[in-house]
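Enquirer: Sharing a sequence plus its predicted fold:
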Amino acid sequence: MSEPIRAYLVANARYHDTDFARLELLKLLAEHPDIRTRVAEDFSDTAGIGDADLLITYTCDLRPTPPEETALRDFVAGGGRWVALHATNALLDIGRHGARFAPGCDTFMQTLGSRFIAHPPIEPYTVTIADPQHPLVAGIEPFEATDELYLCEYHGDIHPLLETRYVGSFEGYADNEWPRDDPRLVAYTHRVGSGEVLYITLGHCCGAHDMQPIQPVADVVRGSWENPTYLELLRRSLRWAMGTLGS
């Protein structure tokens, strides 16, 4: 009798529709009858994370304590696979000059391989394939995403999978001038020790009340969650985390 695959899902994204994203991820996890999923709102259950076979996070401005940062790093370095989605790398301080990345949590960011800096207003952009041979993106054609385009700094052994381009300026963030035509990563893997992180920046969603107190009532946004290519990427991501992608 085979053992179940233990998944650990942390879903708690400020300024996002966490309820919607959590449900969608649980539906995708439920497509695999061997997976048993534990769900949490933070990283405090370090023992549970350490016992998991795979970790999925859909968070925003969720700041781990130093012991939690260490536990997350050790999970990956010890051979774990972490699927980090959308705003997991976004820790924000909001001041009179706009939002800017919060200092600290360096071990967390170094494990993820990136730190969110800013994003322009949501509008469609073209996503291209950086490594067409990688099984996570093999056979996927360039596609249009209507989502937040993440502008980040990167750390460590980054392997690009998906990318786009952006040059311009915008309001709302302290770091709002992006004049260089550099590739902006949409998905990558980041090796840490014996394990690996898969980061996908797509996946913004928002309900009517999720932008409070910044905005009393917001438009409902589903973005990439309505894009079949994004759902295919998520399905491949789970198989990658299970070690069955390509088998």
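Expert: Perfect, thanks for sending it.

Enquirer: Okay, now the unreliable bits of this structure?
Expert: 1, 208, 211-213, 217, 247 (pLDDT under 70).

Enquirer: Bridged to the spatially most central residue of it, which residues?
Expert: Note on the chain: the residue nearest the mean C-alpha position is residue 85, at 1.8 Å, using CA atoms, centre = their mean. Beta-bridge partners for residue 85, by DSSP bridges, are residue 58, residue 200.

Enquirer: That one and residue 11, how far apart?
Expert: Residue 85 sits 9 Å away from residue 11, going by CB to CB, to the nearest Å. Bear in mind the C-beta positions are built from the backbone N, C-alpha and C, glycine included.

Enquirer: which neighbours do the two share?
Expert: Overlap of the contact sets of residue 85 and residue 11 (by CB atoms under 8 Å, 6 or more residues apart in numbering) consists of 21, 57-58.

Enquirer: residues contacting the closest residue to residue 241 other than its chain neighbours?
Expert: Of all residues not flanking residue 241 in the chain, residue 54 sits nearest, at 3.8 Å (CB to CB, 6 or more residues apart in numbering). Applying CB under 8 Å, 6+ apart to residue 54 gives the contacts 5-8, 80-83, 238, 241-242.

Enquirer: Let's see if you can find the most crowded of these.
Expert: residue 82 (25 neighbours; other CB atoms under 10 Å).

Enquirer: Flag every buried residue along stretch 49-59.
Expert: Residues 49, 52-59 are the ones in stretch 49-59 that count as buried (16 or more other CB atoms under 10 Å).

Enquirer: quick check, residue 235 in a helix?
Expert: Yes. Judged by DSSP: H, G, I helix; E, B strand; the rest coil, residue 235 forms part of a helix.

Enquirer: Residue 106 versus that one, what's the distance?
Expert: For residue 235 relative to residue 106 (CB to CB), the value is 32 Å.

Enquirer: Might you report the residue contacts of residue 100?
Expert: Neighbouring residues of residue 100 by CB under 8 Å, 6+ apart: 92-93, 117-118, 173-175.

Enquirer: Which secondary structure element is home to it?
Expert: Counting by DSSP states H and E, the element that carries residue 100 is strand 98-101.

Enquirer: Distance from the chain centre to that strand, please.
Expert: Using CA atoms, centre = their mean, to the nearest Å, the mean C-alpha position of strand 98-101 is found 19 Å from that of the whole chain.

Enquirer: As CSV, could you dump the C-alpha coordinates of it?
Expert: Output of strand 98-101 as CSV, limited to C-alpha atoms (Å, rounded to 0.1, in the frame of the first residue of the first chain):
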residue,chain,number,x,y,z
GLY,A,98,3.6,55.0,-2.3
ALA,A,99,4.2,51.4,-1.6
ARG,A,100,7.7,50.0,-1.4
PHE,A,101,9.3,46.7,-0.5
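
Enquirer: if I pick the closest residue to residue 110 other than its chain neighbours, what's in contact with it?
Expert: Once flanking residues are discounted, residue 110 sits nearest to residue 155: 4.9 Å by CB to CB, 6+ apart. With contact set as CB under 8 Å, 6+ apart, residue 155 has these partners: 109-110, 112-115.

Enquirer: Using TSV, lay out those residues together with distance to residue 182, neighbour count and secondary structure.
Expert: Formatted as TSV, the contacts of residue 155 follow (distance: CB to CB, whole Å; neighbours: other CB atoms under 10 Å; DSSP: H, G, I helix; E, B strand; the rest coil):
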residue	distance to residue 182	neighbour count	secondary structure
109	19	21	helix
110	21	16	helix
112	19	26	helix
113	16	26	coil
114	14	24	strand
115	16	20	strand
